[in-house]
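*Asks:* sequence and predicted structure are below.
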Amino acid sequence: MNAKIKVAPVSYLNTKPLLYGIERSSVMDSIEIVADYPANVAGALQRGDIDLALLPVAAIPTIPNANIVSDYGIAADGKVASVCIFSMVPMEAIETVYLDYQSRTSVKLAQLLLEKLWKKTVVYKPATENYIDYINDTTAGVIIGDRALKQLTNFEYIYDLADGWKQLTGLPFVFAAWVANKQLPEDFRAAFNAANAEGLLHVDEVVAANPFPYYNLYTYYTQNIHYLLDADKKKGMELFLEMIAG
C-alpha cells in the first residue's frame, strides 16, 4: 500500500471552506492532514516531513522542488481584514512595529509596504506570545489570521496589508498557495483541485459550523478572501516574490 500524502493546511478560519471540500472528498483516502501555523508548515515542507502544504508564498523559494498543485489558495483583491498593522496612532507617528511570528509572508509584505507605500523607517521587534498587549503609543504591530479579526474593533488605526498592496501595485495579493515538494500523481492533483472547488460551494455550512462573534464570516469568505488563483493573482504573486528577492 502506498504511504499517505501528508497535507498541511494552516490552522486558521480562512482555510475552513477549502477543508470542508477536502474532508468530504475521496482524496481523504490518500492523505493525512497535519495543521499548524504558516511558519511551522513551511519548515515541515522544507524538511520533507510533509508532502503538500497551504504554504505562505514568501516561503516558496525555500522549498526544494516546489510546485503549485492547485488552482486554489488564500488571496485578496483589496481588503483582506485578517492581515493588518494595528496602531493607536496614525501611520506618520508610528516608530516601532512588532512583527507577528506566525507568518513570514505577512511580515515581508508589511516591511515592503512600510518602505515603499508609506515611506516609513521604523524599528522592528520580533513579536512575543503576548505582544498585542504592548501595541500602544507609537508602537504598532502586525497581527494576522483569526487574532486579527478579533482585534478589528480594538484599535484606532488599522492598515490592511492586502489593501496596501493593491494601492502600491494595482494587483491582488496571494498569501498562500497549495505547494508540494515533489511531483504528485496527476489523478490526485485533479481530485484535490476538485475538492477545494467543492468546498467553496458550501460557505453557508462552513459559517454555521464555526460560530465567530468578532467578524461576519460570510463576508470574510465571500468578499475579503479570494480563493481562486486566477491570472491576476498569479501576476501579483510573481511580483511580490520578485520584490522580496531583490
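*Replies:* Cool, the structure landed.

*Asks:* now for the chain, the helix or strand with the poorest mean pLDDT.
*Replies:* In the chain, no helix or strand scores lower on mean pLDDT, DSSP states H and E than helix 38-47, which sits at a mean of 86.

*Asks:* how about it: buried residues?
*Replies:* For helix 38-47, the buried set under the neighbour-count rule, 16 or more other C-beta atoms under 10 Å, comprises 38-42, 44-46. Placement of C-beta: from N, CA and C, glycine included.

*Asks:* okay if I get these as a markdown table plus distance to residue 69?
*Replies:* Formatted as a markdown table, the buried residues of helix 38-47 follow (distance: C-beta to C-beta, whole Å):
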| residue | distance to residue 69 |
| --- | --- |
| 38 | 17 |
| 39 | 21 |
| 40 | 20 |
| 41 | 15 |
| 42 | 16 |
| 44 | 16 |
| 45 | 12 |
| 46 | 17 |
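
*Asks:* which one of those residues is nearest residue 105?
*Replies:* residue 38 (7.1 Å; C-beta to C-beta).

*Asks:* helix or strand next in line after the least confident helix or strand of the chain, which one?
*Replies:* Once helix 38-47 ends, the next helix or strand along the chain (criterion: DSSP states H and E) is strand 52-56.

*Asks:* which residues sit against that next one?
*Replies:* Contacts to strand 52-56, defined as C-beta atoms under 8 Å, 6 or more residues apart in numbering, come from residues 5-10, 15, 18, 31, 38-39, 41-42, 44-45, 63, 69, 73-74, 103-106, 175-181, 184.

*Asks:* restricted to strands, list these.
*Replies:* Using DSSP state E, the members of the contacts of strand 52-56 that fall in strands are 5-8, 31, 69, 73-74, 175-180.

*Asks:* show me the contacts for the most centrally placed residue in the chain.
*Replies:* The residue lying closest to the centre of the chain (C-alpha atoms, centre = their mean) is residue 175, at 3.9 Å. Residues near residue 175 by C-beta under 8 Å, 6+ apart: 56-57, 73-76, 80, 83, 103, 105-106, 162.

*Asks:* domain assignment for the protein?
*Replies:* 5-75+174-245, 83-169 (automatic domain parsing).

*Asks:* neighbours of the residue lying closest to residue 202 once chain neighbours are set aside, how many?
*Replies:* Closest residue to residue 202 apart from its sequence neighbours, by C-beta to C-beta, 6 or more residues apart in numbering: residue 20 at 5.3 Å. Using other C-beta atoms under 10 Å, residue 20 has 22 other residues around it.

*Asks:* tell me if I am right that residue 20 is in a helix.
*Replies:* Yes: counting by DSSP: H, G, I helix; E, B strand; the rest coil, residue 20 is located in a helix.

*Asks:* surely it meets residue 197?
*Replies:* No: with contact defined as C-beta atoms under 8 Å, residue 20 does not reach residue 197; the gap is 11.2 Å.
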